[in-house]
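Enquirer: model this:
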Amino acid sequence: MELQLSDRVDPAARHDILELRQVISAYRKGDLDNERFRAFRLTRGIYGQRQDGVHMIRVKLPFGRLTPEQLIRIADCADAYGHGNLHLTTRQDIQLHYVKLEDTPQLWADLEDAGITLREACGNTIRNMTGSAIAGIDPDEPFDVSPYVHAMFSYFLRNPICQDLGRKFKIAFSSSEKDTAFTFIHDLGFIPKIRTGTNGSQLGFRVLLGGGLGAQPFAATPVLDFLEEDQVIPFTEACIRIFDRYGERTRRHKARLKYLIQELGIDSFLALVESERLALGRSSFPVNRPEAEPVVPPEVDAYTGMDVPAGSLFEVWRSTNVFAQKQAGYFAVQLRISNGDLPAATARHLAQVIRTFAADDVRVTVNQGLLLKFVPAHALFPLFRALEDLALARPGFDTLHDVTACPGTDTCNLGIASSMGLARELERMLTEEYPQMITEKQLKIKISGCMNACGHHTIADIGFHGMSIRQGKLVLPGMQVLLGGAILGNGDGILAEKVIKLPSKRTPQALRVLLDDFRTHSQNQEPFHAYFARQGKAYFYTLLKPLAELEVLSQDFLLDWGEDTQYATLVGVGECAGALVDQVAIVLDETRVKLEKAREAFDRQDWVNAIYYGYSGMIHAAKAHLLTRDLPANTHHLIILHFDRLVFPEQPELGDFRNRIMQINQHAPSETFAARYLAEAEAFFERIAALRDSELADTAY
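Expert: The predicted structure is shown next:
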């Protein structure tokens, strides 16, 4: 089928889409190995799925923002290329599942026609920029952070410094000190502040660095109480450059920023960041902040006569799903989407409802819901009725009843036990047995299918992550129970503690025990995390231990939630980061690509990117040479170190590598320096390639 690209697809995206089609063709012909292809497609949002022959496509939505028209386009793509479902994620993306590889270029083209990208949605890149969904309407916000998130997204998209990182890099902006974007679990987090001085008020951010979840969670370290707003992007770029240079590249489980900071120390890391400032080419990056104008929806006066019937769920829904915006007279409406799954047909109808009642600005929320903005007070009840018709008027948004869950074993290669099936069961149980707790917003339940925490179980009051439990010769689906996590605000948080492992089918009973105990013994309206800290981990272990005992094993324990066949652990290869490829020929080929991009950047007078591509080219060339000698090449820093210590004394014709390559942070970007640096990079590569050719010739028969 001929690829259809509309005139609305911008040139950079057009190039990406055509390149994707070409690379897929090369892969199918056997001209590209699986590992290199995996690294390539991940940075284009194409993720391997648990089921053979199909893929998950991650649609990248900066701070979760989309229009009704874009929602319709994504729904159309879900029907045309997937299985008709939109999955909302905890990173404010939308994922489409069961997509054939050959369909991905046209799917991408269809999305780009509506201004939506897949670029850098997965892989070793800067992932989706997340931000508080309520930014711009938050009554507590010092100022709207949305322009900064968008500017950050635009600046780093296709930027050479973040195309081949050691691992993924995550950034979040919260709208206020309440930290609704969870900055403390991100590589970089920003919380808005206003500083008042003799020259008036100045906008800026509190900065947190080095957070992350996964198997070994870290809370981020506050590093700056106030960073001026025009310094946000320069500081971020300098951090990423240091992460790129010093970050681990071989031991994948140690390749996140949190481990690099642990190794170097926060002060040493920040000193390296400061030393990189000269290379950035700019000391300031002001962000255009237009005054936000209220977006008034179309008139809905025709509905003002609708009366709320007695016994209606409307008042409960309003108390849990609606709040007053900072703009007088307008309300935000939050939609609770069970498991984050939204059928495509429902999404299309919802887009029409949004056009009628709300602003042209929808946000995906971090708890897998949707937020509508600028709804007038008199439109709330008619909107509720319209949402009821779509089964989207469930009360309890972001309450105890609103359980967060990643896809788990439904589609993810790393899923160990069903998270979505368990979430459905817990929501059913809570609705039937604890209906009075539907307004409980201080107690959260989050579930992940494995320890990697895509469901944010590590920061939940009550969290579960999938695991397997061996009972004799049998293997059961299980859940690790974690308790006591919390978001405290202003970048502070508590990571939940592992308490006990239970069979998955005992999880509902464990939740009953925990809720009943909390309601009976908590004091002075203390939050759950405070109750957990007061009682202690041992108390809860003893409380739940009877549920871990399996003297009699029924057949039901061998079935995971929502499954009718016996459980088996089928964990595949994870694709949360790009493949690690160390074949010399492949690395040299990558060097050629880097230097070609350097020349392209130089020709368009983009000195900063030309220099960085030249740096990357030299690093790759040196890495290839080290690999021929089985020398360590885990990080850029080690490549430089080992090349000068072990190669230069034996092969002085290759030159003093450190002094050559580290000119990058000793000169401000200019045409003169870029030309010289790029020429040196190309000459170095030619010498390395010639040595490789000579070595291969010597070993040939």
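Enquirer: burial count for residue 313?
Expert: A total of 12 residues lie near residue 313 under the criterion other CB atoms under 10 Å. Yep, even glycine has a C-beta here, placed from its N, CA and C like the rest.
Enquirer: for residue 309, same thing?
Expert: As a burial measure, residue 309 scores 8 neighbours (other CB under 10 Å).
Enquirer: I'd like to know how far residue 134 sits from residue 372.
Expert: As judged by CB to CB, to the nearest Å, residue 134 and residue 372 stand 11 Å apart.
Enquirer: Also residue 399?
Expert: According to CB to CB, residue 399 and residue 372 sit 18 Å apart.
Enquirer: quick one: pLDDT of the spatially most central residue of the chain?
Expert: Among the residues of the chain, the smallest C-alpha distance to the mean C-alpha position (CA atoms, centre = their mean) belongs to residue 91, namely 4.6 Å. Reading off the per-residue confidence, residue 91 sits at a pLDDT of 95.
Enquirer: looking at it, residue 279 is touching residue 663, isn't it?
Expert: No. Taking contacts as CB atoms under 8 Å, residue 279 lies outside contact range of residue 663: 9.3 Å.
Enquirer: okay, those two: which has more neighbours?
Expert: Each of residue 279 and residue 663 has its neighbours counted (other CB under 10 Å); residue 279 has more, 22 against 17.
Enquirer: how close does the residue nearest to that one when sequence neighbours are not counted sit to residue 236?
Expert: For residue 279, ignoring the flanking residues on the chain, the nearest one in space by CB to CB, 6 or more residues apart in numbering is residue 665 at 4.3 Å. Computed with CB to CB, the distance linking residue 665 and residue 236 is 16 Å.
Enquirer: Which one's more surrounded, those two?
Expert: Neighbours per residue, other CB under 10 Å: of residue 665 and residue 236, the larger number sits with residue 236, 24 against 19.
Enquirer: So the more buried one is in contact with residue 153, correct?
Expert: No. When contacts are counted by CB under 8 Å, residue 236 is not listed as touching residue 153 (11.4 Å).
Enquirer: Can you show me the strands along the stretch 251-400 of the chain?
Expert: In the stretch 251-400 of the chain, the strands defined using DSSP state E, counting those that start in this stretch lie at 322-324, 330-335, 341-343, 362-364, 370-376.
Enquirer: wait, which of those is closest to residue 157?
Expert: With CB to CB as the measure, strand 362-364 is the member of those nearest residue 157 (18.5 Å).
Enquirer: how close does the closest residue to residue 599 other than its chain neighbours sit to residue 615?
Expert: Sequence neighbours aside, residue 678 is the residue nearest to residue 599 in space, at 7.1 Å (criterion: CB to CB, 6+ apart). Residue 678 sits at a distance of 10 Å from residue 615 (criterion: CB to CB).
Enquirer: ok, now which ones touch residue 324?
Expert: For residue 324, the contact set (CB atoms under 8 Å, 6 or more residues apart in numbering) comprises 139, 330, 331, 332.
Enquirer: Swap in 6 Å and give it another go.
Expert: Under the criterion of CB atoms under 6 Å, 6 or more residues apart in numbering, the contact list for residue 324 reads residue 331.
Enquirer: Any figure for the gap between it and residue 92?
Expert: According to CB to CB, residue 324 stands 23 Å off from residue 92.
Enquirer: What's the separation between the residue nearest to residue 599 and residue 619?
Expert: Applying CB to CB, one obtains 14 Å for the distance of residue 678 from residue 619.
Enquirer: Likewise for residue 343?
Expert: Using CB to CB, one gets 47 Å for the distance from residue 343 to residue 619.
Enquirer: Comparing those two, which residue is more hemmed in?
Expert: residue 619 (25 against 17).
Enquirer: Assess the claim that that one and residue 635 are in contact.
Expert: No. The pair residue 619 and residue 635 fails to qualify as a contact (CB atoms under 6 Å) at a distance of 9.8 Å.
Enquirer: Spell out which residues make up each domain of this structure.
Expert: Listed by automatic domain parsing, the domain ranges of the chain are 11-112, 145-280, 314-389, 404-558, 584-699.
Enquirer: Tell me which of the ones you listed lies nearest to residue 288.
Expert: Within the domains of the chain, the stretch nearest residue 288 is domain 145-280; the backing value is 6.6 Å (CB to CB).
Enquirer: picking up where we left off before, of residue 399 and residue 372, give the one with the bigger neighbour count.
Expert: A direct count of neighbours by other CB under 10 Å for residue 399 and residue 372 places residue 372 higher, at 25 against 22.
Enquirer: For the residue nearest to the more buried one when sequence neighbours are not counted, give me the pLDDT.
Expert: Nearest-residue entry for residue 372: residue 358, 4.0 Å, with adjacent residues in sequence omitted and distances by CB to CB, 6+ apart. Per-residue confidence for residue 358 comes out at a pLDDT of 95.
Enquirer: cool, residue 255 as well?
Expert: Residue 255 is given a pLDDT of 87.
Enquirer: quick one: it and residue 114, what's the gap?
Expert: With distances defined as CB to CB, the gap from residue 255 to residue 114 amounts to 34 Å.
Enquirer: From residue 660, how far out is the closest residue to residue 689 other than its chain neighbours?
Expert: Leaving aside its sequence neighbours, residue 689 sits nearest to residue 588 (CB to CB, 6+ apart; 6.1 Å). Here the criterion is CB to CB. By it, residue 588 lies 18 Å from residue 660.
Enquirer: What of residue 76?
Expert: 52 Å.
Enquirer: And residue 365, by the same measure?
Expert: Shown here: residue 365 relative to residue 660, a distance of 49 Å by CB to CB.
Enquirer: Of those two, which one has the most company?
Expert: residue 365 (23 against 18).
Enquirer: Check whether that one really touches residue 132, as I assumed.
Expert: No. Residue 365 is beyond contact range of residue 132, at 9.0 Å (criterion: CB under 6 Å).
Enquirer: gap between the two ends of stretch 132-139?
Expert: 13 Å (CA to CA, to the nearest Å).
Enquirer: avg pLDDT for it?
Expert: Along stretch 132-139, the predicted confidence averages to a pLDDT of 96.
Enquirer: what does stretch 405-412 give?
Expert: Averaged over stretch 405-412, pLDDT sits at 88.
Enquirer: Output the below-cut-off pLDDT ranges for the stretch 301-450 of the chain.
Expert: Within the stretch 301-450 of the chain, the ranges that satisfy pLDDT under 70 run 301-306, 310-311.
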